[in-house]
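**Student:** the sequence isn't on hand, but the structure is:
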């Protein structure tokens, strides 16, 4: 049963239309971020009546991606008469789900703290997830290679070797993304423990009103030694691997390009934020996001 007739899941014609505008429209919209310094989440979160608690907003704006992909994978093949999907389609769908089980479900609840997220950011992120899952899900479920012969043709001349290499790149990016996220979390946990100790000491002295401040520092572990945003870089590595494994598919390429154009403006603003807070001398020797490039 379709959630929205001809659109969720989409017919081939509607899928091609969505994918076309996804490729050309979203990068232009994302790069428009460069024209403004406002971004309503993370370090640049500001007070607003339209703010949503960080953990709640993150969970509900990220979950539509993998849940919609699973829905399309389970309904669209039957609608177009496909009775069996190749193992490659299932593995690629599994990689997508694994990433978002971490990014959408686990990530917000293991963060020591999360700043509020503005409703505008929430809506844009949720829209990204819905459109991206529609493009990739429909490709894997029906409109991409759906037989072994089609997969061999799509990835010629490398066939299974290319798929394995792509999955390995994806796995390396996923692990790197988690480890660098964990380094940021540990910095916050350490500072949180220090401030809690200070609070307890002040309370023991009879002080009833005690403030706990936000804490920021420049990480130096792993790739943070050379790059300000290695966790972003590792996520791009993930989706590059996904693109390789998919046989250089258009939906996977669109996802990679859209991820980069969505996140790159944040790194540009973020570098300036680091310079303003910690000084040019401490930051100037670090790349922003891609080692050796930018």
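**Tutor:** Received, thanks. Worth saying up front: this structure is predicted, and the values here are computed from it rather than measured.
**Student:** tell me the phi and psi of residue 7?
**Tutor:** phi -120, psi -40 (degrees, to the nearest 10).
**Student:** quick check: bridge partners of it?
**Tutor:** In this entry, residue 7 is beta-bridged to residue 10, by DSSP bridges.
**Student:** so what's it scoring on pLDDT?
**Tutor:** For residue 7, the model assigns a pLDDT of 97.
**Student:** what's the burial count for it?
**Tutor:** By the measure other C-beta atoms under 10 Å, the count of residues near residue 7 is 14. The way it works is simple: take the backbone N, C-alpha and C, and place the C-beta from them, glycine included.
**Student:** what residues does residue 75 make contact with?
**Tutor:** Residues near residue 75 by C-beta atoms under 8 Å, 6 or more residues apart in numbering: 1-2, 9, 141.
**Student:** helix or strand: which one has it?
**Tutor:** In this assignment (DSSP states H and E), residue 75 forms part of helix 54-79.
**Student:** avg pLDDT for that helix?
**Tutor:** Rounded mean pLDDT across helix 54-79 is 97.
**Student:** buried residues in the helix or strand following it?
**Tutor:** Sequence-wise, the next helix or strand downstream of helix 54-79 (DSSP H and E) is helix 87-100. Residues of helix 87-100 classed as buried: 88-89, 92-93, 95-97, 99-100 (neighbour count, 16 or more other C-beta atoms under 10 Å).
**Student:** between these, which is nearest residue 267?
**Tutor:** Ranked by distance to residue 267 (C-beta to C-beta), those are led by residue 99 at 19.9 Å.
**Student:** check the offset of the helix holding residue 75 from the chain's centre.
**Tutor:** 14 Å (C-alpha atoms, centre = their mean, to the nearest Å).
**Student:** and it with helix 87-100, angle?
**Tutor:** Counting by axes from the mean of the first three to the mean of the last three C-alpha atoms, to 10 degrees, helix 54-79 lies at 170 degrees to helix 87-100.
**Student:** buried residues in stretch 184-201?
**Tutor:** 184, 187-188, 191, 195.
**Student:** meant to ask about stretch 18-37
**Tutor:** Buried residues in stretch 18-37, counted by 16+ other C-beta under 10 Å: 18-19, 22-23, 26-27, 30, 33.
**Student:** check stretch 8-16 too.
**Tutor:** For stretch 8-16, the buried set under the neighbour-count rule, 16+ other C-beta under 10 Å, comprises 8-11, 14-15.
**Student:** wait, residue 101 sits on residue 69?
**Tutor:** No. Counting by C-beta atoms under 8 Å, residue 101 stays clear of residue 69, with 11.9 Å between them.
**Student:** more neighbours: which of those two?
**Tutor:** Just comparing residue 101 and residue 69: by other C-beta under 10 Å the higher neighbour count belongs to residue 69, 24 against 13.
**Student:** next one: the more buried one from residue 178, what distance?
**Tutor:** To residue 178, residue 69 is 21 Å away according to C-beta to C-beta, to the nearest Å.
**Student:** looking at the buried residues of helix 87-100, which is nearest residue 229?
**Tutor:** residue 99 (17.7 Å).
**Student:** got a list of what that closest one touches?
**Tutor:** Contacts of residue 99 by C-beta under 8 Å, 6+ apart are 66, 174, 238.
**Student:** ok, now residue 255?
**Tutor:** Counting by C-beta under 8 Å, 6+ apart, residue 255 makes contact with 132, 135-136, 239, 242-243.
**Student:** check it and give its pLDDT.
**Tutor:** At residue 255, the predicted lDDT confidence score is 98.
**Student:** buried set for the helix holding residue 75?
**Tutor:** 54-55, 57-69, 71-73, 75-77.
**Student:** quick one: which of the buried residues of helix 87-100 is nearest residue 221?
**Tutor:** Nearest to residue 221, judged by C-beta to C-beta, of the buried residues of helix 87-100 is residue 99 at 22.6 Å.
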